[in-house]
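Enquirer: Return a 3D structure for these sequence lines:
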Amino acid sequence: MSIEPVLELVDATVEKDGRRVLDGITLTIHAGEHTAIVGPNGAGKSILVRLLTHEDRAIAPDAGISPVRVFGNGNWHVFDLRSQLGIISADLHHRFVVGNSEGRIAAETAVLSGFLASDGILRYGAITDDMRRRAADALDRMGIAHLARRWMDEMSSGEARRVLLARALVTSPRALVLDEPTTGLDLVARHDFMERVRRIGRDGTTVILITHHVDEIVPEIERVILLRNGRVVGDGPKRFTLTPERLSDLFESPIALEESEGYYYARPGRS
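Expert: Below you'll find the predicted structure:
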C-alpha cells in the first residue's frame with residue numbers, strides 16, 4: 001500500500017494585492033522526509049505554510065489540476081486537515097498566551113482544544129474521557145504534566161511552547177509543521193524545544209521546519225529547500241544546499257558557515 005506524500009505543489013502560485021508572493025512552485029515532500037524550508041523574511045515561507053494548512057488558496061491552473069495536495073487530497077475540510085497536521089508558530093503562541101478572546105487558558109484546556117481545532121474553546125459535551133487521558137499523556141510526554149492547571153500567561157515562554165507542542169501532538173498527527181518555532185525563546189528553552197522535535201522526528205512523525213535560522217535545522221532533517229522571492233532557488237540534501245555560496249546568494253550578503261555534529265551555524269561575513 002502506497003503512502004501519499006505529505007505535500008504536493010504543482011505550479012502553485014499565490015497572489016496578494018496583485019503581487020505574486022509564491023510564483024509557480026512545484027515540489028513534493030514525502031512521508032518521513034524531514035524537511036527544512038529556509039529563506040529570508042518576505043521569501044514566502046509563511047504563505048507556503050498557509051497553503052499546507054489550506055488557509056490560503058493557490059491559483060488553479062487552466063488544466064483544472066489541484067495545485068496543492070496534502071496527503072493526496074486537494075480538497076480538505078480545514079478542520080479535518082488540522083487533525084492530521086500538528087502546527088507550531090509564534091502566531092499560535094500569541095493567540096493562546098496574549099491575545100485570546102476567550103480569556104485566560106489553562107494548559108490542559110489548550111491541549112484539549114487540539115481535538116476541536118479551536119483556540120482554546122471547548123464545546124460542551126465534545127470532550128471525552130479518552131481525550132482527557134490523551135491530553136494528560138501529551139503533557140507528560142513534554143515533561144509538563146505538573147502544569148496542567150496552570151494559566152498559560154503565567155508560564156515562561158519555553159513552558160508555554162511545550163504546551164503548544166503537546167497540543168500539536170495530541171491527535172497523533174501525520175506531520176508536524178514548525179513555523180519559526182523558537183521565536184521568543186531563550187537559549188536554554190530553544191535547545192530544549194528542538195531536542196523534543198528531534199525525538200518526535202525519530203519516532204516517525206514527519207517534521208517540516210520553516211525558518212531563517214540555519215542552526216534550527218536538527219540533524220534528523222536531511223532535505224533543505226531554499227526559498228527567495230516566492231521561488232525555490234535550491235532543493236536537495238543539506239550538505240549540498242547549506243553551503244556558504246548558496247546561503248550568501250539566498251540572503252544577498254556574505255555568509256560564513258560551520259558544521260558540527262550534524263548542525264550548521266551561519267553568521268554574516270566570509271569564512
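Enquirer: How is the chain partitioned into domains?
Expert: 1-84+175-271, 102-172 (automatic domain parsing).
Enquirer: which stretch among those comes nearest residue 91?
Expert: domain 1-84+175-271 (7.7 Å; C-beta to C-beta). Heads up, the C-betas are built off the backbone N, CA and C, glycines and all.
Enquirer: and for the lowest-mean-pLDDT helix or strand in the chain, what are the contacting residues?
Expert: Every helix and strand in the chain was compared by mean pLDDT, DSSP states H and E; the lowest is helix 78-82, with a mean of 84. The contact list for helix 78-82, computed with C-beta atoms under 8 Å, 6 or more residues apart in numbering, reads 53-55, 70, 117.
Enquirer: mind listing what the helix or strand just after that helix pairs with, with the direction of each?
Expert: Sequence-wise, the next helix or strand beyond helix 78-82 is strand 85-89, with elements assigned using DSSP states H and E. With DSSP bridges as the test, strand 85-89 is paired with strand 175-179 (parallel).
Enquirer: now the following helix or strand past the partner strand and strand 85-89, what's the angle there?
Expert: Downstream of strand 175-179, the first helix or strand assigned by DSSP H and E is helix 187-202. Per axes from the mean of the first three to the mean of the last three C-alpha atoms, to 10 degrees, the angle that helix 187-202 makes with strand 85-89 is 170 degrees.
Enquirer: Where does pLDDT dip in the stretch 101-250 of the chain?
Expert: Within the stretch 101-250 of the chain, the segments meeting pLDDT under 70 span 101-102, 124-125.
Enquirer: switch to 80 and redo it
Expert: Scanning the stretch 101-250 of the chain for pLDDT under 80 picks out 101-103, 119-125.
Enquirer: before we move on, the earlier item: now that we have the contacts of helix 78-82, which of them are buried?
Expert: 53-54, 70, 117 (16 or more other C-beta atoms under 10 Å).
Enquirer: With only the CA atoms kept, save stretch 218-236 in PDB.
Expert: What follows is stretch 218-236 as a C-alpha-only set of coordinates in PDB (Å, rounded to 0.1, in the frame of the first residue of the first chain):
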ATOM      1  CA  VAL A 218      18.400  19.500  13.600                       C
ATOM      2  CA  PRO A 219      20.500  16.500  12.400                       C
ATOM      3  CA  GLU A 220      17.400  14.400  11.600                       C
ATOM      4  CA  ILE A 221      16.400  16.900   8.900                       C
ATOM      5  CA  GLU A 222      18.200  15.900   5.700                       C
ATOM      6  CA  ARG A 223      16.400  17.900   3.000                       C
ATOM      7  CA  VAL A 224      16.600  21.600   2.700                       C
ATOM      8  CA  ILE A 225      14.500  23.800   0.400                       C
ATOM      9  CA  LEU A 226      15.800  27.400  -0.200                       C
ATOM     10  CA  LEU A 227      13.100  30.000  -0.900                       C
ATOM     11  CA  ARG A 228      13.500  33.500  -2.100                       C
ATOM     12  CA  ASN A 229      11.000  36.000  -3.600                       C
ATOM     13  CA  GLY A 230       8.400  33.300  -3.700                       C
ATOM     14  CA  ARG A 231      10.500  30.900  -5.700                       C
ATOM     15  CA  VAL A 232      12.500  27.700  -5.000                       C
ATOM     16  CA  VAL A 233      16.200  28.600  -5.600                       C
ATOM     17  CA  GLY A 234      17.700  25.400  -4.100                       C
ATOM     18  CA  ASP A 235      16.400  22.000  -3.100                       C
ATOM     19  CA  GLY A 236      18.300  18.800  -2.000                       C
END
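Enquirer: Pull out the buried residues from that stretch.
Expert: Result for stretch 218-236 [16+ other C-beta under 10 Å]: buried residues 218, 221, 223-228, 230, 232, 234.
Enquirer: quick one: the strands in the stretch 101-250 of the chain?
Expert: Using DSSP state E, counting those that start in this stretch, the strands of the stretch 101-250 of the chain run over residues 175-179, 206-211, 223-228, 231-237.
Enquirer: looking at these, which is closest to residue 10?
Expert: strand 231-237 (12.9 Å).
Enquirer: hmm, who's touching that closest one?
Expert: Contacts of strand 231-237 (C-beta under 8 Å, 6+ apart): 23-27, 44, 222-227, 241, 246, 249-250.
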